[in-house]
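what follows is a protein structure lacking sequence information:
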């Protein structure tokens, strides 16, 4: 059972006491430590009413929900972030518009936990789509969320996440590759007695700057006996024929 740590009542009282003193929102934010956007929101719309603590109970989730959680965890670790907006939080996932099936699968996973479809925003002059969903659940679902870039801080799975990942490693791998991986053809030439011959075979890559996230990916591969290697510090390569065939069975080319 997990409970969100919302802004304290003392912070709200401090902001309320300064509203009548003619101070700017910037100055109130500086004095109280509450974000300026939150101060602006409270001034315009009033203070939020107290709400009951939000909880998640992973032990009561059915198989479909656990599968979605494992997949969405992979998506989040690859290309997701959680931001704070007053007493609520936003999950933001950045996806390539060239892969509409991945966008749809991610949106369905988000909707399972948010209770409504995420919103989409296309960055101008790019093929990047940002899926966003707002609510109190996201820091509970992703306790790895925090200030700064993921590769600059420790990323460790909670015990309940470890349990789900052990049960559904394929969904985690699928989410990680959908967000930060690729399937490609490796082509090379070999000089033979009767001339050169070209060979081509598929392989997978997973690329991430975080050593912790790369290790999470490798651990999931080990659970299903997928062989991997490290061609350089930020890439994990899967080129063994049987391992590639195994990934083809539940990942395949992006679409």
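Right, received. Where do you want to start? What you see is a predicted model; the values in this text were computed from it and never measured.

next structured bit after the lowest-mean-pLDDT helix or strand in the chain?
Least confident helix or strand, the chain: strand 181-192 with a mean of 77, by mean pLDDT, DSSP states H and E. Note on strand 181-192: by DSSP states H and E, the next helix or strand toward the C-terminus is strand 195-207.

tell me the helix or strand right after that following strand.
helix 211-223.

now residue 204: closest residue in space, sequence neighbours ignored.
In space, and not counting its chain neighbours, residue 204 is closest to residue 238: 4.2 Å by C-beta to C-beta, 6 or more residues apart in numbering. For glycine as for every other residue, the C-beta is placed from the backbone atoms N, C-alpha and C.

am I right that the one you found is in contact with residue 244?
Yes: taking contacts as C-beta atoms under 8 Å, residue 238 lies within contact range of residue 244: 6.2 Å.

quick one: which of those two has more around it?
For residue 238 versus residue 244, the count of surrounding residues by other C-beta atoms under 10 Å is larger for residue 238: 24 against 20.

which parts of stretch 193-207 are buried?
For stretch 193-207, the neighbour count (16 or more other C-beta atoms under 10 Å) marks 202, 203, 204, 205, 206, 207 as buried.

ok, and what's touching that stretch?
176-177, 180-190, 214, 217, 234-239, 241, 244, 247-248, 251 (C-beta atoms under 8 Å, 6 or more residues apart in numbering).

are any of those residues buried, and which?
Among the contacts of stretch 193-207, the ones that count as buried by 16+ other C-beta under 10 Å are 176-177, 180-181, 183, 214, 217, 236-239, 244, 247, 251.

Serialize these to CSV and add fields for distance to residue 84.
What follows is the buried ones among the contacts of stretch 193-207, written out as CSV (distance: C-beta to C-beta, whole Å):
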residue, distance to residue 84
176, 25
177, 29
180, 24
181, 29
183, 36
214, 27
217, 28
236, 32
237, 37
238, 36
239, 41
244, 41
247, 36
251, 33
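
from those, pick the one nearest residue 90.
Distance ranking of the buried ones among the contacts of stretch 193-207 against residue 90, using C-beta to C-beta, places residue 180 first at 20.4 Å.

could you pull out the strands for this protein?
Secondary structure of the chain (DSSP state E): strands at 80-85, 88-96, 119-122, 128-135, 181-192, 195-207, 229-232, 235-238.

do you know which of the ones you listed lies nearest residue 108?
Closest to residue 108 of the strands of the chain is strand 128-135 (C-beta to C-beta; 10.9 Å).

where does the prediction get shaky in the stretch 151-255 of the chain?
For the stretch 151-255 of the chain, the stretches with pLDDT under 70 are 188-191, 195, 199.

what is the nearest of the buried residues of stretch 193-207 to residue 225?
Using C-beta to C-beta, residue 204 comes nearest to residue 225 of the buried residues of stretch 193-207, at 14.8 Å.

now the nearest residue to residue 78 once chain neighbours are set aside: how far from residue 85?
Distances taken as C-beta to C-beta, 6+ apart put residue 179 closest to residue 78, at 2.7 Å, once the chain neighbours are dropped. Distance, residue 179 to residue 85, by C-beta to C-beta, to the nearest Å: 23 Å.

outline the domain layout of the protein.
Using automatic domain parsing, the domain ranges for the chain come out as 1-55, 58-166, 178-248.

just those: most buried one?
For the domains of the chain, average neighbour numbers computed from mean count of other C-beta atoms under 10 Å are highest in domain 58-166, which has a mean of 17.

tell me the spacing between the residue lying closest to residue 108 once chain neighbours are set aside and residue 74.
Distances taken as C-beta to C-beta, 6+ apart place residue 68 nearest to residue 108, at 7.7 Å, with adjacent residues excluded. Distance, residue 68 to residue 74, using C-beta to C-beta: 11 Å.
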